[in-house]
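Asker: have a look; sequence and predicted model below, questions after that.
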Amino acid sequence: MTELAHSLVLDRSALARNIKPLERDGYLVQRPDLDDGRSRRMELTPAGRAKLAESNRLWRKAQNRFEDVYGEKRAAALRGALAEIYSDEFAVAFGQP
């Protein structure tokens with residue numbers, strides 16, 4: 001959960017609150033980590049994998065529409081700038097671990 005929380009830029013408690021509806025609706029399950037009994041692993045269910053595939057299609061459609069309006073080169077530059085701002089190096093420059 002710690003790795004997932006970090007990659008989503010959430011703290012563990014926020015991640016726990018966000019995954020409860022996904023578990024409730026049958027999109028994922030938590031299982032003990034067999035290598036580390038203190039840790040839990042998230043696993044998508046078949047319904048979760050189907051929802052992820054649907055979400056990816058909709059995300060791609062939205063990105064294509066954005067690029068049509070904003071411009072492919074400008075959109076790529078914007079994504080590059082956002083990736084730089086999110087980078088570990090940028091965080092360190094502002095005193096974040």
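Answerer: Yes, it's here. Predicted model only: the values in this text are computed from it and were never measured.
Asker: OK, contacts around the residue lying closest to Leu44 once chain neighbours are set aside?
Answerer: With C-beta to C-beta, 6 or more residues apart in numbering as the criterion, Leu44 has its nearest non-adjacent residue at 5.4 Å, and that residue is Leu28. Placement of C-beta: from N, CA and C, glycine included. Under the criterion of C-beta atoms under 8 Å, 6 or more residues apart in numbering, the contact list for Leu28 reads Ile19, Leu22, Met42, Glu43, Leu44, Thr45, Gly48.
Asker: my read: the last one touches Tyr27, true?
Answerer: I take that to be Gly48. Yes: with contact defined as C-beta atoms under 8 Å, Gly48 and Tyr27 form a contacting pair (3.6 Å).
Asker: which element follows the top helix by length along the chain toward the C-terminus?
Answerer: Scanning the chain for the longest helix, with DSSP state H as the assignment, gives helix 46-70. Later in the chain than helix 46-70, the nearest helix or strand by DSSP states H and E is helix 72-86.
Asker: give me the subset of the contacts of Leu28 lying in helices.
Answerer: Ile19, Leu22, Gly48.
Asker: now render those residues as TSV, adding neighbour count, distance to Leu58 and pLDDT.
Answerer: Formatted as TSV, the entries for the ones in helices among the contacts of Leu28 read as follows, by neighbours: other C-beta atoms under 10 Å; distance: C-beta to C-beta, whole Å; pLDDT from 0 to 100:
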residue	neighbour count	distance to Leu58	pLDDT
Ile19	17	21	92
Leu22	16	17	95
Gly48	18	15	97
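Asker: JSON lines please, covering those residues and showing distance to Gly95.
Answerer: Listed next are the ones in helices among the contacts of Leu28 as JSON lines, based on distance: C-beta to C-beta, whole Å:
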{"residue": "Ile19", "distance to Gly95": "30"}
{"residue": "Leu22", "distance to Gly95": "33"}
{"residue": "Gly48", "distance to Gly95": "37"}
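Asker: picking up where we left off before, tell me how far the residue nearest to Leu44 lies from Ala93.
Answerer: Using C-beta to C-beta, to the nearest Å, we find Leu28 at a distance of 35 Å from Ala93.
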